[in-house]
Every structure is written in C-alpha cells, then in structure tokens.
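Undergrad: my questions concern the predicted model and sequence given below.
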Amino acid sequence: QDQLVESGGGLVQPGGSLRLSCAASGFTLVNYAICWFRQASGKGREGVSCITSSDGETTYADSVKGRFTISSDNARNTVYLQMNSLKPEDTAIYYCATTGLRAVDATPIHLGQGTQVTVSS
C-alpha cells in the first residue's frame, strides 16, 4: 500500500530548529515531485516547499525562503524539511505529499497524515 509518513514535529522555542522527515513506502519518491504543505488552526492549507528528487531542483514559498531547506535521500526513499529560525507563525500541522508539479501551489495527490509543529516560548 502506498504510504507517506511524516515525523520530526514537536514543540520548539522561537528561533529554534526542527527537521521533518517524509518516508515513502510502496512507491519510489524519485519518480514524483514531493511538496511540504502546512495548515494552521483555522486557516487554509499553504504550500511550503517542493523538490524533484530526480534532479534535486527545489521551490520555496516566500514566507520560508532562507529559513527552510528541503532535501531528499533517494537511498532511504525519504524527503526532509530542515526548518531554522522558526517563528510562532510557523506553527501548523505539516504534511508531505506527492504532486504533479514542483510548485508550492500544486494540488496534493497523495497526502500523509501530518506532524504537528508548535513554535512557542
């Protein structure tokens, strides 16, 4: 069964860092564009960052440029999101998903269950 599983979320103070992982099973991530999305309580879903593992090309939302880094480990069939200089407004449930395009406004095709990130002092 095709599955995406996110991990690595938690509670962190403003200015802190977290690394999220998105592990795929049942299919190979390198054949897809993979994006991270987030959804804060009471708000709509926002695209954060995308990668095509086949060529390593990446895309970022303006709100996270310079703070977040997306990467992939094809041997582990896993995509990562390194989040630095975290702000309270980064608080959300973070999801990874396969998409048809490497674009933060792409529509998710196969979405994981999500991992909660809370930035608070």
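TA: Good, I have the coordinates.

Undergrad: where does residue 102 land on pLDDT?
TA: Note for residue 102: predicted pLDDT of 91.

Undergrad: and it, backbone torsions?
TA: phi -90, psi 70 (degrees, to the nearest 10).

Undergrad: over to residue 62?
TA: Note on residue 62: its backbone torsions stand at phi -60, psi -30 [degrees, to the nearest 10].

Undergrad: what's around it, how many residues?
TA: Residue 62 has 7 neighbouring residues, counting by other C-beta atoms under 10 Å. Every C-beta, even on glycine, is put in place using the N, C-alpha and C of the backbone.

Undergrad: quick one: secondary structure of residue 113?
TA: Per DSSP: H, G, I helix; E, B strand; the rest coil, the secondary structure class of residue 113 is coil.

Undergrad: who's in contact with it?
TA: Going by C-beta atoms under 8 Å, 6 or more residues apart in numbering, residue 113 touches 5-6, 95.

Undergrad: could you rerun that using 7 Å?
TA: Residues in contact with residue 113 (C-beta atoms under 7 Å, 6 or more residues apart in numbering) are residue 6.

Undergrad: roughly how far apart are it and residue 87?
TA: 24 Å (C-beta to C-beta, to the nearest Å).

Undergrad: and residue 30, that's in a helix?
TA: Yes. Assessed with three-state DSSP, residue 30 lies in a helix.

Undergrad: list the contacts for the spatially closest residue to it that is not a sequence neighbour?
TA: Leaving aside its sequence neighbours, residue 30 sits nearest to residue 53 (C-beta to C-beta, 6 or more residues apart in numbering; 4.4 Å). Applying C-beta under 7 Å, 6+ apart, we find residue 53 in contact with 29-30, 34, 72, 74.
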